[in-house]
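Asker: Predicted model and sequence follow; I will ask about them next.
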Amino acid sequence: MVGERLECTTFAKLISDGALEIGDGYRAKNEELGGAGLICLRAGHVTDTHIDFDGVERFHTELEPRVRSKLAKAGDAVITTKGNSTGRTTFVSPTMPPFVYSPHLSYWRSLDPDRIEGGFLRYWCRGSEFRTQLLGLKSSTDMAPYLSLVDQKRLEITLPPVPEQRAIAHILGTLDDKIELNRRMNETLETIARALFKSWFVDFLPVRSKQRARTQTGDPVRAKVKGRLPAGRQAIPGLPKSIADLFPDSFEDSELGEIPAGWKAGALGDIAEHPRRGVQPDEIEPSMPYIALEHMPRRCIALSEWSTADGLESNKFGFKKGEILFGKLRPYFHKVGVAPLDGVCSTDIVVVAPKTEKWFGFVLGRVSSDTFVDYTNAGSTGTKMPRTSWSEMARYPVVIPPENLAEAFTALIRPSVDRIIASIHEGRTLAALRDTLLPKLISGELRVRDAPLLLASKA
C-alpha cells in the first residue's frame, strides 16, 4: 500500500494498549452440562465457514453467572487451538445464539475500533501473515499441535489504516454474507422437505402416547378419515385438491400395523438400489471430484465440500449427480446427502439411487430420517468402527405409497433439491472469489478501490 501508513505491531502491544482482548474458554465439568442454559461451544463445532450448533451441549441455567465471563460477543474472531484442527477460524455473527467458549477455542476481540477493526481480524487470521506464524508455532512442540495464549500474544500483525481495514472487511464480508445466506436458505428448504415427508408418509402412524399426539401435525390421511378437507386450516395449508385426492380416506391392517388403504408393506430395497460402480485408481482422472466422509456434514443433505481424486491409491465408488450418499462407517454420525455433481467417493459411503425418478423424494426422505439412521446404527457390525451395509439398509421395512403419490412428492421437492445444489455451486464460486481477493487485499497488492472492478469482472 504505497503512500499509506502501515502499523507493524504485536498482539501483546495491542493488548497492553487496550485495543485488543484475547482469551480462551471455560473448562466445563461433566456435571455442569446437560441443562437448558447457555450453549457450551466445543472446537468440533467450529468450521472454516461457520459455527455448527447441531448437537451442542448446554450448561445448567443456574451456572450462567459463573460462565458469563467466557461468553462470546458479536464480532469475535474464533480460533481452534489444539489438535490437528488447530488454526480453524470463523467469527461470531449477531444472529448466533449466546454461547460460552470451551478450552480448545480462543477468541480475539477488538476493544478499540479506531485502532483495529474486528471484521479485519476475521480475515487477517485467514491470511498468509497469520498462517505462516501459525505453522511455526504449531510445529514448535513434539506434542499435539497447540496454540497457547502466550503464543498468541507473540503474533505480529500489520495493520493498514482503519478506513482501509473497514473497507476490506466490508468487501470480503459481503461475499461471506451471501455464502451464509445460501447456507441458511438450504437449511430452510431441507427443513420444509423433511416436514412434508413426515406429514405425508410418517404421521399416519397410530398415536400411541400423549407426547406423540402433541407433536403430530395432522397428515392428509387422518384428515380425510376425520372428514376434514386437507386444504383446510386443520390440515396441510395450501395442499391442492389434485394432490389431496391421491390420499385414501381409510386404513387397513398389514404386517407393519395399520397403514393407509391401498399402500403396502415392503422394504427399502423394493424402491431403491445401490449402483455398485467400482472404480480402480488408474481409471480415475486426477481432476475428478472426490467425496470422503470428512467432506460430509452431519444431518444435512447439502454436500458443499469435496476435493479432487489426485493421489488416490485405492478403489472407489462412482456416483452421479442427484444420487444419495450415505456414510456407512459409524452411521450414527448421520452423514447423508445428495451428490451435487458426478464423481467418486470413499468405499465407506453407500451410493443409493431410487429405482425410478418417481421415487427420488420418498427415498431421500426415508434414508435421511432419524429412524433410518437409528436402524442402520443398531444393525452395524464392528465395535470400534461400526459399519452398516447396503444389504442391511435394503431390508429396512417401509410403508410404500402408490407410485403416483410418490411421484407427486418428488415433483414437489425436486425444485428445492435443485435449488440447494445450485446454491452449493454458487457458494463455492463466491468462496473462490473471496479466497482470491483475501491475500491481495490483506497484503495491499490489490487496493480496496480496485476490488469492485475485479468483482464485476468475475460476476
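Answerer: Sure thing, it's come through.
Asker: Neighbours of the closest residue to Leu41 other than its chain neighbours, how many?
Answerer: Closest residue to Leu41 in three dimensions, ignoring its sequence neighbours and counting by CB to CB, 6 or more residues apart in numbering: Phe99, at 4.4 Å. (C-beta placed from N, C-alpha, C; glycine too.) Other residues within reach of Phe99 by the criterion other CB atoms under 10 Å amount to 23.
Asker: correct me, but Phe99 touches Ala74?
Answerer: No - in this structure Phe99 lies outside contact range of Ala74 using CB atoms under 8 Å: 11.5 Å.
Asker: Could you name the helices and strands sitting against the helix or strand hosting Ile171?
Answerer: Taking DSSP states H and E as the criterion, Ile171 maps to helix 162-201. Applying 3 or more CB pairs under 8 Å, 6 or more residues apart in numbering; DSSP states H and E, we find helix 162-201 packed against helix 118-124, helix 360-367, helix 403-443, helix 451-458.
Asker: Output the below-cut-off pLDDT ranges for the stretch 151-300 of the chain.
Answerer: 205-218, 227-239 (pLDDT under 70).
Asker: can you do 80?
Answerer: 204-219, 221-239 (pLDDT under 80).
Asker: where exactly do the strands run in it?
Answerer: Assigned by DSSP state E, counting those that start in this stretch, the stretch 151-300 of the chain shows strands spanning 156-159, 251-254, 257-260, 264-267, 272-273, 278-279, 289-291.
Asker: In the second one, which of the residues would be classed as buried?
Answerer: Meaning strand 251-254. Within strand 251-254, the residues that count as buried by 16 or more other CB atoms under 10 Å are Phe251.
Asker: Distance-wise, check the closest residue to Thr86 other than its chain neighbours relative to Lys82.
Answerer: Spatially, and ignoring its direct neighbours in sequence, Thr86 is nearest to Pro145 (4.2 Å; CB to CB, 6+ apart). To Lys82, Pro145 is 7 Å away according to CB to CB, to the nearest Å.
Asker: next one: Glu164
Answerer: Distance, Glu164 to Lys82, using CB to CB: 33 Å.
Asker: Using PDB, list the CA coordinates for stretch 57-76.
Answerer: Output in PDB follows, covering the C-alpha atoms of stretch 57-76 (Å, rounded to 0.1, in the frame of the first residue of the first chain):
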ATOM      1  CA  GLU A  57     -24.400 -29.200  25.000                       C
ATOM      2  CA  ARG A  58     -25.800 -26.700  27.400                       C
ATOM      3  CA  PHE A  59     -25.000 -25.500  30.900                       C
ATOM      4  CA  HIS A  60     -27.400 -25.700  33.700                       C
ATOM      5  CA  THR A  61     -29.200 -22.400  34.000                       C
ATOM      6  CA  GLU A  62     -28.000 -21.600  37.500                       C
ATOM      7  CA  LEU A  63     -24.400 -21.600  36.200                       C
ATOM      8  CA  GLU A  64     -24.800 -18.600  34.000                       C
ATOM      9  CA  PRO A  65     -23.100 -16.100  36.400                       C
ATOM     10  CA  ARG A  66     -20.100 -18.400  36.700                       C
ATOM     11  CA  VAL A  67     -19.500 -18.800  32.900                       C
ATOM     12  CA  ARG A  68     -20.600 -15.400  31.700                       C
ATOM     13  CA  SER A  69     -17.000 -14.100  31.500                       C
ATOM     14  CA  LYS A  70     -16.400 -16.600  28.700                       C
ATOM     15  CA  LEU A  71     -19.500 -15.600  26.800                       C
ATOM     16  CA  ALA A  72     -19.000 -14.900  23.000                       C
ATOM     17  CA  LYS A  73     -19.700 -11.400  21.600                       C
ATOM     18  CA  ALA A  74     -20.700 -10.500  18.100                       C
ATOM     19  CA  GLY A  75     -17.600  -9.600  16.000                       C
ATOM     20  CA  ASP A  76     -15.300 -12.000  17.800                       C
END
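Asker: list the contacts for Asp370?
Answerer: Residues near Asp370 by CB atoms under 8 Å, 6 or more residues apart in numbering: His334.
Asker: Also the one 10 residues further on?
Answerer: Residues in contact with Ser380, defined by CB under 8 Å, 6+ apart, are Arg330, Pro331, Pro386, Arg387, Thr388, Glu392.
Asker: ok, now with 7 Å
Answerer: Counting by CB atoms under 7 Å, 6 or more residues apart in numbering, Ser380 makes contact with Pro331, Pro386, Arg387, Thr388.
Asker: So in terms of bridging, what pairs with the third one?
Answerer: Meaning Arg387. Leu329, Thr381 (DSSP bridges).
Asker: Unless I'm misreading it, it sits right up against Lys328, doesn't it?
Answerer: Yes - assessed by CB atoms under 7 Å, Arg387 is found in contact with Lys328 at 5.3 Å.
Asker: who has more neighbours, the two?
Answerer: Applying other CB under 10 Å to Arg387 and Lys328 shows that Lys328 carries more neighbours, namely 22 against 16.
Asker: Got the phi and psi for the more buried one?
Answerer: Dihedral angles of Lys328 (phi, psi; degrees, to the nearest 10) stand at phi -90, psi -20.
Asker: From Met296, how far off is it?
Answerer: 11 Å.
Asker: before we move on, what about Phe120?
Answerer: 33 Å.
Asker: So those two - more neighbours on which side?
Answerer: Higher neighbour count among Phe120 and Met296: Phe120, with 27 against 24, using other CB under 10 Å.
Asker: What residues does the more buried one make contact with?
Answerer: Applying CB under 7 Å, 6+ apart, the residues near Phe120 are Gln165, Ile168, Ala169.
Asker: so which of the residues you listed comes closest to His60?
Answerer: Set against His60, the nearest of the contacts of Phe120 by CB to CB is Ala169 (37.0 Å).
Asker: The closest one touches Trp124, doesn't it?
Answerer: No - if you go by CB under 7 Å, Ala169 and Trp124 don't touch, sitting 9.6 Å apart.
Asker: which of the two has more neighbours?
Answerer: Neighbours per residue (other CB under 10 Å) separate Ala169 from Trp124, with Trp124 holding more: 25 against 21.
Asker: Could you measure from the more buried one over to Pro163?
Answerer: For Trp124 relative to Pro163 (CB to CB), the value is 16 Å.
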